[in-house]
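Engineer: Quick one: sequence and predicted model below, then my questions.
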Amino acid sequence: MEMAAPTCYRHPNEPTRIVCQRCGRPICPECMVPGSVGFQCPECVQQGVRQTRQHSLPYGGGRSANPKTTSIALAGVNVAIWLLLLLTGGYGGVPMAYLSLAPVDVAFGGAWWQLITSGFSHVALWHIGFNMLVLYLLGPNVEQIVGRWRFLAIYFVALLGGSTFVMLFSHPAGATLGASGAIYGLLGAVLMLALKHKGDVRGILTWIGLNVLLSFMWANVSWQGHLGGLLGGVLATAAVIYLPKQYRRFQWPLLGLIALAFLALCGFRVLQLTA
């Protein structure tokens with residue numbers, strides 16, 4: 001038995017099978033406004049105009065004048081630390097011992113800063129080159145949707161997620177370094193944004209799948225940091241984009257809770273190692 005077509009939310013007597021691409025409400029031909037993808041209802045069009053006029057973004061962030069600036073600044077910090085490590089002896093230099101992440105250092109030396117500094121430390125040229133290239137390709141795309149500060153929050157939560165998985169699942173005496181956790185977090189962010197906007201996710205899923213596979217196949221690659229960063233990016237991005245507009249004030253508390261949860265897991269690992 002064929003179901004009756006829904007009616008336009010503005011004209012209850014007009015049956016239609018067309019829905020607004022932004023809010024999902026049924027709209028009749030009289031109400032539908034062509035958009036970049038599909039049709040939108042008049043209210044969503046007006047809301048979009050107001051957001052554009054006020055330079056606001058869909059999830060509460062402010063529009064960046066140049067969304068590439070933040071990614072370039074992050075890359076600059078990474079390059080500066082890379083040069084520092086090269087000038088002080090690379091793998092054998094003293095700064096490496098302080099900047100890379102070794103669970104035993106956090107547990108017995110109190111080196112909690114390594115959870116963050118390890119995400120800005122590289123030695124191999126190919127390592128920093130690949131990470132910074134992906135940061136430059138993905139970072140601006142994420143920032144222009146969620147805004148600068150939310151982009152930075154996603155980046156650092158993903159970095160912390162990668163460090164947490166290193167603490168939990170890596171050899172306690174091993175040393176891990178690199179921005180890969182944060183970079184995988186950006187891959188997770190792009191995936192979540194594509195899902196939210198009903199885009200084609202096959203490309204990003206293929207890219208993530210190949211990179212995760214290579215993480216387990218290549219020697220001296222931290223699959224722990226990669227998977228932890230991916231999870232951190234997915235969780236942080238979900239906290240930003242899936243809250244209804246009236247609850248958007250809870251974005252930052254949720255991001256803080258995710259970061260605290262990762263820190264709590266690191267604390268649990270420290271207790272295990274020192275018991």
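Structural biologist: Yes, it's here. Residues are numbered from 1 along each chain as shown.

Engineer: which residues of the stretch 101-250 of the chain fall in helices?
Structural biologist: Using DSSP state H, counting those that start in this stretch, the helices of the stretch 101-250 of the chain run over 103-109, 114-117, 125-146, 148-169, 180-196, 202-217, 223-241.

Engineer: P67: which of those is closest?
Structural biologist: P67 lies closest, by CB to CB, to one member of the helices of the stretch 101-250 of the chain: helix 125-146, at 4.2 Å. (C-beta placed from N, C-alpha, C; glycine too.)

Engineer: For the closest one, name the packing helices and strands.
Structural biologist: Taking 3 or more CB pairs under 8 Å, 6 or more residues apart in numbering; DSSP states H and E as contact, the helices and strands that helix 125-146 lies on are helix 68-87, helix 148-169, helix 180-196, helix 223-241.

Engineer: Let's see the third one as PDB, backbone CA atoms only.
Structural biologist: The C-alpha atoms that make up helix 180-196 are tabulated as PDB, following Å, rounded to 0.1, in the frame of the first residue of the first chain:
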ATOM      1  CA  SER A 180      50.600  12.100  13.200                       C
ATOM      2  CA  GLY A 181      48.000  11.800  16.000                       C
ATOM      3  CA  ALA A 182      46.700  15.300  15.400                       C
ATOM      4  CA  ILE A 183      46.900  14.700  11.600                       C
ATOM      5  CA  TYR A 184      44.800  11.600  12.000                       C
ATOM      6  CA  GLY A 185      42.400  13.700  14.100                       C
ATOM      7  CA  LEU A 186      41.900  16.000  11.100                       C
ATOM      8  CA  LEU A 187      41.100  13.000   9.000                       C
ATOM      9  CA  GLY A 188      38.500  12.100  11.600                       C
ATOM     10  CA  ALA A 189      37.200  15.600  11.500                       C
ATOM     11  CA  VAL A 190      36.800  15.600   7.700                       C
ATOM     12  CA  LEU A 191      35.000  12.300   7.900                       C
ATOM     13  CA  MET A 192      32.500  13.600  10.600                       C
ATOM     14  CA  LEU A 193      31.900  16.800   8.600                       C
ATOM     15  CA  ALA A 194      31.200  14.800   5.400                       C
ATOM     16  CA  LEU A 195      28.800  12.600   7.300                       C
ATOM     17  CA  LYS A 196      27.000  15.600   8.900                       C
END
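
Engineer: Relative to V270, how far out is the spatially closest residue to A158 that is not a sequence neighbour?
Structural biologist: What sits nearest to A158 in space, not counting adjacent residues and going by CB to CB, 6 or more residues apart in numbering, is G185, at 2.0 Å. Going from G185 to V270 by CB to CB, to the nearest Å gives 23 Å.
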